[in-house]
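Novice: What follows is a protein structure lacking sequence information:
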């Protein structure tokens, strides 16, 4: 199964509450923090909500 490397690129200080909660659910919380998550529909949906705050890379 493929994985995604998600890097938070921007701060969530001025973000909406839903976006802050989504960042927390992804396991992030501060700029330049990196997590690896499985590539599935749920994670892709969360990434879509905060796509302006994160950078996503696919890992084999």
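Specialist: Alright, I've got the coordinates. Quick caveat, the model's predicted, so the values are computed rather than measured. Residues are numbered from 1 along each chain as shown.

Novice: Contact partners for the nearest residue to residue 30 once chain neighbours are set aside?
Specialist: Once flanking residues are discounted, residue 30 sits nearest to residue 8: 6.7 Å by C-beta to C-beta, 6 or more residues apart in numbering. Every C-beta, even on glycine, is put in place using the N, C-alpha and C of the backbone. Taking C-beta atoms under 8 Å, 6 or more residues apart in numbering as the criterion, residue 8 is in contact with 23, 28-34, 53-54.

Novice: same question, residue 26
Specialist: 6, 35, 37, 43, 46-47, 50, 54.

Novice: try 10 Å this time
Specialist: The contact partners of residue 26, taken as C-beta atoms under 10 Å, 6 or more residues apart in numbering, are 4, 6, 8, 33, 35, 37, 43, 46-47, 49-50, 53-54.

Novice: And residue 43, by the same measure?
Specialist: Applying C-beta under 10 Å, 6+ apart to residue 43 gives the contacts 3-4, 6, 25-26, 37, 56.

Novice: which element is it on?
Specialist: Here residue 43 sits within helix 41-49, counting by DSSP states H and E.

Novice: Does residue 6 belong to a helix, a strand or coil?
Specialist: Counting by DSSP: H, G, I helix; E, B strand; the rest coil, the backbone at residue 6 sits in strand.
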